[in-house]
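Peer 1: Give me a model of this one.
(2 chains)
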Amino acid sequence: MDDLIELGALSDSARRVLDEHQNRQQLLKDPAWLAQSDQLLYRTSAELGWLGLCVAEKAGGLGQPFNALGALYVELGRALAGPSIVATTVGLELLSAAYADPDVTDLIEAIIAGDQRALALVGGTVVVKAQRQGARVVLKGVARDILGGAHATHLLIPIEAPNPAVAMVRADHPGVVIEARKAWDQTRGEVFDVSFEHLELPLSSLVLQGAEASQALARAAAHFDFALACDALGGSEQILNETLAYMQTRTQFGRAIASFQALKHRCADMATEIEVARALLTSACRSTDDAHAWRTQAAACRLHTGAVYRRVTEDALQLHGGIGFTWEQSCHLFLKRARLNDALGGTPEQRKDLVAPRILAAAARRTAHQG
Amino acid sequence: MSDDVRQLEQLRMQTRAWLEVNIPQDWRAAMTDTQDQAFLQFQRNWMQSLVSAGLATSHWHVGWPGGGRSLAEQIVIVEELARADAPRLILYFISLYHAAMTLMEWGTPEQKNKHLPAILAGEVWCQGFSEPNAGSDLASLKTRAVRDGDHYIVDGQKIWSTLGQHADYCLLLVRTDASGPKQAGITFLLMDMRSKGVEVRPIRQITGDEEFAEIFLTGVRIPVANRLGEEGQGWRIAQTTLNSERGLTILELSERLSHSRWRLLEALGAGADGQLADDQLRREAVDVFIQIDALSAMVKDMMGRLVEGLDVGGTASMVKLFYAQVLRSFTALGLRSQPAALQQQPFTLGGGHETGNWSFDYMNSFMWTIAGGSNEIQRNIISERVLAMPREKYA
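Peer 2: Below is the predicted model of the structure:
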């Protein structure tokens, strides 16, 4: 693989850009600020070429392996960045599988340039029924808790087995209803519900079908889970660092609270959990297994890292004492983001149950000498 | 494939093939519900087998039989031993690693030529470091050595000496100077366990077996020629001893744990399709299996950095802490799902940490949360060296 982007450099430059875009005070004070800032960041990300990082070169992207985006996602998580970038990159994951269609290639180019946005209905709770009627397909469905729905120009609708497919419609297609709900997580702002009672579409709107669609949907679901896992890792690191800094300055009983052993030990536990999550995630992000195996790894990473984020954000708030309980302190931003991450597309238990068969099957393997 | 990678692959396949033929058949059954003598004989035989195949001393310096292998090669050998569920050479762990590496680095030519060939021939060594009042705070050790001509006279007590009851020689840390700073007054001696005044008492642990011993020293005469380095250098030399196995132990343990996941599934009553009906147990099993993968990834990452000659800083502490926690979760889950395990059952000597006797394995897991730097000490190390938090104030 030539021209691999050096990940340390990518992370560093992303961090610098995100530092400029961030403003915790504004985020905490002004609900309207997020929407504007997310748009600005999105423009910047298009200019910097971030959106097409992992889109195959033949489809018009930079052809980087997934871990390039993974590195970016960690930085977005660290910066509590808004949802638009990830919504687009996940959409591109799905769409770029259909690059053979010239209309799709044109659209991919426009998306990478930041001019159009294809929102994949993945990651939330999605139920879609499809019926072929001659030369048309009729769709009925609901997709709840989708992130990054503002400014979507196109929707990518997943259709599951027995006839897997991906349908593409314009977001303003008659019959498509997109509703926004305010989220507790003010770093994402809103979650979106997309519904359609009766969408009659030409067969040509099925940009992917059959095994291709099935693979692409698995990759998009994996991409989404990995994105959240990376988000959790970056956010965990950041809030731990902020907590450590606080503890070094806050004094009680004549010394910095960072010197109390019980609190040192809790921080050691958090740091260890974060390093463990980083190792798991880094190794999985590099993996080039088939789409369905990758799907399992992504789900496992999201479960593991999501749990770390939950625990770290809780402990971080606790270690800030009374101040951690105030609106003006950042702790709650991370806490609420961690909780929303975990709720998308099903509870951790539901997602764990879905991934259990593959994980247990892998665990059942024995080498020749055992048993 | 580069030459290096090709060579490593060859070594892996050779090792794998050798193990396939040479691991004693049904060794776990043979070592279960057995006596000390059978265990000692078994370990002796297996050690000689590994030594003659050049697989026991891959970490030794070049010039010694089996030695001179790169860390990458040592890693391959350890991975294959774990994969093949080879018996662990617990009787010879101290002699092959701690004693050998310390001698190679600090021994005089006479000391090396006397002891290293003996170790290869099966001489058993133990550690005499910890004392009842000096565990985590090892530097406060009090076993006293007083110079008398060309001997030291040693009085004191050591504890937690692995398989000390079977040892021929001991790596002994003594205090030669009680006047100055604690660490500066420590000296390293090599003690013949058959010396007059040495009394060994095995410690019965909660699992029922006796893997450690107390060593009582009353007027033991140790020749000055058995001193490693200079008086007062003992603490420094002990750092070599304690760092002698460069992560290979934790690699082996994490690999063995990874290869033992099927045991937990069996304990949990997995159906023919591997499914577990109980939601709670199934979800906890998924958690543990993901943690085992995470541990594997973390250990491989750390070993990769060591191979490149990079510093791993506090990562070793994080790895040890996490391994101890995962082992606890793994064994506790096995035990919980097997009420029958609460009945006393025969256990396996030298069977590692995943023997399938869940009571035994669960109780044995306390070895890892306590020994080799307890969880609490690891947390101190992590918070101070990795997170730069204020250091503990010690007396």
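Peer 1: So what's the residue count around B:Glu123?
Peer 2: Using other Cβ atoms under 10 Å in any protein chain shown, B:Glu123 has 16 neighbouring residues. The C-beta positions use only the backbone N, C-alpha and C, and glycine is treated the same way.
Peer 1: so it makes contact with B:His115?
Peer 2: Yes. Counting by Cβ atoms under 8 Å, B:Glu123 touches B:His115, with 7.1 Å between them.
Peer 1: Spell out which residues are contacts of both of those two.
Peer 2: Residues touching both B:Glu123 and B:His115 (Cβ atoms under 8 Å, 6 or more residues apart in numbering or on different chains) are B:Tyr169.
Peer 1: Torsion angles phi and psi at B:Trp160?
Peer 2: Main-chain torsions, B:Trp160, degrees, to the nearest 10: phi 60, psi 40.
Peer 1: And the pLDDT at it?
Peer 2: On pLDDT, B:Trp160 comes in at 97.
Peer 1: who touches the spatially closest residue to it that is not a sequence neighbour in this structure?
Peer 2: Among residues not flanking B:Trp160 along the chain, B:Ser130 sits closest, at 4.6 Å (Cβ to Cβ, 6 or more residues apart in numbering or on different chains). Listed by Cβ under 8 Å, 6+ apart, the contact set of B:Ser130 reads B:138, B:141, B:158-161.
Peer 1: same check, this time on B:Met303
Peer 2: Applying Cβ under 8 Å, 6+ apart to B:Met303 gives the contacts B:71, B:75, B:247, B:251.
Peer 1: Report how many residues lie close to the nearest residue to the first one once chain neighbours are set aside.
Peer 2: Once its chain neighbours are removed from consideration, B:Leu71 has its nearest residue in B:Val307; the separation is 5.1 Å (Cβ to Cβ, 6+ apart). Under the neighbour criterion other Cβ under 10 Å, B:Val307 is assigned a count of 14.
Peer 1: what do you get for B:Glu9?
Peer 2: Other residues close to B:Glu9 by other Cβ under 10 Å number 12.
Peer 1: gap between the spatially most central residue of chain A and chain B?
Peer 2: Chain A has A:Ala227 as the residue nearest its centroid, 3.4 Å off, counting by Cα atoms, centre = their mean. Distance, A:Ala227 to chain B, by Cβ to the nearest Cβ, to the nearest Å: 18 Å.
Peer 1: care to break chain B down by domain?
Peer 2: B:3-88, B:125-235, B:247-386 (automatic domain parsing).
Peer 1: any idea what the closest residue to chain B within the stretch 101-250 of chain A is structurally, helix, strand or coil?
Peer 2: Taking Cβ to the nearest Cβ, chain B has its nearest neighbour within the stretch 101-250 of chain A at A:Leu244, 5.9 Å off. Secondary structure, DSSP: H, G, I helix; E, B strand; the rest coil: A:Leu244 is helix.
Peer 1: pretty sure it contacts B:Leu387?
Peer 2: Yes. Taking contacts as Cβ under 8 Å, A:Leu244 lies within contact range of B:Leu387: 5.9 Å.
Peer 1: okay, and the common contacts of those two?
Peer 2: With Cβ under 8 Å, 6+ apart as the test, A:Leu244 and B:Leu387 both reach A:Cys267.
Peer 1: so the residue of the stretch 1-150 of chain A found nearest chain B is in which element?
Peer 2: Residue of the stretch 1-150 of chain A nearest chain B, by Cβ to the nearest Cβ: A:Asn67 (13.5 Å). Assigned by DSSP states H and E, A:Asn67 falls within helix A:66-78.
Peer 1: what packs against the helix or strand following that helix?
Peer 2: Downstream of helix A:66-78, the next assigned helix or strand under DSSP H and E is helix A:84-95. Helices and strands touching helix A:84-95, as assessed by 3 or more Cβ pairs under 8 Å, 6 or more residues apart in numbering or on different chains; DSSP states H and E, comprise helix A:31-47, helix A:66-78, helix A:102-112, strand A:118-120, strand A:136-147, strand A:154-159, helix A:210-249.
Peer 1: Keeping just the C-alphas, turn helix A:84-95 into CSV.
Peer 2: The C-alpha trace of helix A:84-95 is given here as CSV (Å, rounded to 0.1, in the frame of the first residue of the first chain):
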residue,chain,number,x,y,z
SER,A,84,-21.9,15.7,10.6
ILE,A,85,-18.5,14.3,9.7
VAL,A,86,-19.1,10.8,10.9
ALA,A,87,-22.6,10.8,9.4
THR,A,88,-21.0,11.6,6.0
THR,A,89,-18.1,9.1,6.2
VAL,A,90,-20.4,6.3,7.2
GLY,A,91,-22.7,7.2,4.3
LEU,A,92,-19.7,7.2,2.0
GLU,A,93,-18.7,3.7,3.3
LEU,A,94,-22.0,2.4,2.0
LEU,A,95,-22.2,4.5,-1.1
